[in-house]
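Asks: next input, structure requested:
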Amino acid sequence: MAINVELLRRLCQAPGIAAREDAVARVVVEELGPLVDEIRSDALGNIIATKRGQGGPRVMLAAHMDEIGFIVRHVEDKGFLRLHPVGGFDGRALFAQRVHVHTREGSLRGVLNAEAKPIHLLKGEKPEAPKVDDYFVDLGLPAETVTARVRVGDMVTMDRATEEIGDCVTSKSLDDRAGVFVMIEAMRHLRAHGRDRGRGHGAGGGRPARRDSSWLQRGTGHRRGHRRHAGARRARHAGS
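Replies: Sure thing, here's the model as predicted:
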């Protein structure tokens, strides 16, 4: 069975750290809308979709929408951005990685650098693995431009394309978006095989205490209380 790589690419490339998954939610609504009887969002930004059934057990599919990333916590006088992680990163894997800084005026591309002595200047010293807090973003712009465009709290995501390599796919945000992809495709194939009667599904964010909906969870679990879900269920009723 061929995999809908284009849908997976759209889901993975949409930016959305925990509590900022609006771009991902738009893709989910577009894809799930034609497959369900009802689709809505709640006050927390979760998406809840339902396919009404005619009896039988209730089934729910749930998937997280978010990705790990950062928010800007400080803009230095020289225009460098200090970050607060949203999710778990390995500092060893971040050096020289490209990022997108999502501002109100649009996205700016930057590079992560660590505040550490260059390896060719260590002179026999053992290099230490940089910690996440050691990193800053260089946007390659004058400081006055950066301070005018970037605000504390702006979202920062990794700048990585979704690529097919051999029989696999590599991308940012695959951890959660693959689950959303499976949920959508499961409902699509269910309808294609004429087996959608008696099933219900939805996409949403979660229990209020966790900023989740019942089905499409906003977040990855790294910050409890800031997550949205996507999901599907087989149900006798249409409620969430």
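Asks: can you pull out the strands in this protein?
Replies: Assigned by DSSP state E, the strands in the chain fall at 38-41, 47-50, 61-64, 69-75, 81-86, 98-103, 106-114, 135-138, 155-158, 163-165, 168-170, 200-202, 216-218, 228-233.
Asks: so which of these is nearest Thr147?
Replies: Among the strands of the chain, the nearest to Thr147 by C-beta to C-beta is strand 69-75 (5.6 Å). Quick note: C-beta positions are derived from backbone N, CA and C, even for glycine.
Asks: how about that closest one: buried residues?
Replies: Across strand 69-75, burial judged by 16 or more other C-beta atoms under 10 Å covers Gly69, Phe70, Ile71, Val72, Val75.
Asks: make CSV out of the strands of the chain and add mean pLDDT and distance to Ala23.
Replies: Output for these, formatted as CSV (pLDDT from 0 to 100; distance: least, C-beta to C-beta, whole Å):
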stretch, mean pLDDT, distance to Ala23
strand 38-41, 92, 14
strand 47-50, 88, 12
strand 61-64, 85, 15
strand 69-75, 98, 12
strand 81-86, 98, 15
strand 98-103, 98, 9
strand 106-114, 97, 11
strand 135-138, 98, 20
strand 155-158, 98, 10
strand 163-165, 95, 20
strand 168-170, 95, 20
strand 200-202, 41, 20
strand 216-218, 49, 12
strand 228-233, 48, 12
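Asks: tell me which two of the buried residues of strand 69-75 sit farthest apart.
Replies: Top of the distance list for the buried residues of strand 69-75 (C-beta to C-beta): Gly69 and Val75, 17.3 Å.
Asks: for the nearest residue to Ala129 once chain neighbours are set aside, give its distance to Cys12.
Replies: Excluding its sequence neighbours, the residue lying closest to Ala129 (C-beta to C-beta, 6 or more residues apart in numbering) is Arg92, at 4.8 Å. Per C-beta to C-beta, to the nearest Å, Arg92 is found 23 Å from Cys12.
Asks: poorly predicted segments of this structure, please.
Replies: 1, 193-240 (pLDDT under 70).
Asks: break it down into its domains, please.
Replies: 5-66+173-233, 69-158 (automatic domain parsing).
Asks: winner for burial among those?
Replies: domain 5-66+173-233 (a mean of 22; mean count of other C-beta atoms under 10 Å).
Asks: my guess is Met187 contacts Thr50. True?
Replies: No: the pair Met187 / Thr50 is not scored as a contact, 11.1 Å apart, by C-beta atoms under 8 Å.
Asks: one step back: dump the buried residues of strand 69-75 into a markdown table; add distance to Gly153 as well.
Replies: What follows is these, written out as a markdown table (distance: C-beta to C-beta, whole Å):
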| residue | distance to Gly153 |
| --- | --- |
| Gly69 | 13 |
| Phe70 | 11 |
| Ile71 | 6 |
| Val72 | 6 |
| Val75 | 11 |
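Asks: mind listing what Val75 touches?
Replies: By C-beta atoms under 8 Å, 6 or more residues apart in numbering, the contact list for Val75 reads Leu81, Arg82, Val146, Thr147, Val150, Val152.
Asks: list the residues that contact the nearest residue to the third one once chain neighbours are set aside.
Replies: What it means is Val146. Closest residue in space to Val146, ignoring its immediate chain neighbours: Gly79 at 3.8 Å, by C-beta to C-beta, 6+ apart. Counting by C-beta under 8 Å, 6+ apart, Gly79 touches Leu139, Leu141, Pro142, Ala143, Glu144, Thr145, Val146, Thr147.
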